[in-house]
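# What would the 3D arrangement of this be:
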Amino acid sequence: MTPGPDLRRADGNPIRALVVDDELTLAELITIALRFEGWEANSATDGLSAVKLAKEFRPDVVVLDIMLPDLDGLEVLRRLRADEPNLPVLFLTAKDAVEDRIAGLTAGGDDYVTKPFSLEEVVLRLRALLRRTRVVAANDGTTLTVGDLTLDEDSREVTRGGDYIELTATEFELLRFLMRNPKRVLSKAQILDRVWNYDFGGQANVVELYISYLRKKIDAGRQPMIHTMRGAGYVLKPAG
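Numbering: from 1, shown residues only. Okay, the predicted model is just below:
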């Protein structure tokens, strides 16, 4: 396994990753692979230990198994996000049903890998997730503006009419994709491919869910900017 291009935190320090899996051998293998990338990596084999370790270690990204011996992964995620609302999380699970994928993502996970998987796949997904959530250093940041809606890719600040709007990492990425394609109808398949990097075998419930989240934050009490084009997808355009 050859290490990929160097990724570092915005402050120049190594990426910190927390691996949570009750299969000790698997947790160790993933940890070793991430250290090979030049990252700092720690592991835990149960949910309570993971929550405690996260408070001390302050990870930039978490690899989290859904099935754990004490707390399940969804509860661990809830507790981690209570301290770090935008903490990127990659779910690991032996389940392969579409419903389980959607459950993990709609609970707040940013991506999903089904066991068995290759270590290369996990590393690639984590690297993509870190870039997507702007944990890593970046020099290509720009400010996107559509009507009175503004998104700063460096600071990750979103405002509408001067009012600050707080978004999760996935909501931010979805909005960024919409804002990079203003007045263009984007299909659910295109959104899944860009925001989540893969599809759900034609079941795009997660897109509908996150569009509804965005509408509540972007359009609530204002002229709508996010529009549904029946049978085609979604489009973002200036209000009015």
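
# Look up phi and psi at residue 181.
For residue 181, the backbone dihedrals (degrees, to the nearest 10) come out as phi -130, psi 60.

# How about it: what's its closest non-neighbour residue?
residue 236 (7.7 Å; Cβ to Cβ, 6 or more residues apart in numbering). Where C-beta positions appear, they are placed from N, C-alpha and C, glycine not excepted.

# what about that neighbour, neighbour count?
Residue 236 has 24 neighbouring residues, counting by other Cβ atoms under 10 Å.

# quick one: it and residue 190, what's the gap?
13 Å (Cβ to Cβ, to the nearest Å).

# cool, and residue 116?
Residue 116 is 29 Å from residue 190, where distance means Cβ to Cβ.

# Give me the more crowded residue out of these two.
residue 190 (17 against 8).

# and residue 186, what are its bridge partners?
According to DSSP bridges, residue 234 are recorded as the beta-bridge partners of residue 186.

# show me the contacts for it.
Contact partners of residue 186, counting by Cβ atoms under 8 Å, 6 or more residues apart in numbering, are 177, 178, 233, 234, 235.

# ok, and the most crowded of the residues you listed?
That'd be residue 178 among those, by other Cβ under 10 Å, with 27 neighbours.

# OK, contacts around it?
So residue 178 contacts 186, 214, 226, 234, 235, 236 (Cβ under 8 Å, 6+ apart).

# closest to residue 26 among those residues?
residue 214 (35.1 Å; Cβ to Cβ).

# In which helix or strand does the closest one reside?
Using DSSP states H and E, the element containing residue 214 is helix 205-218.
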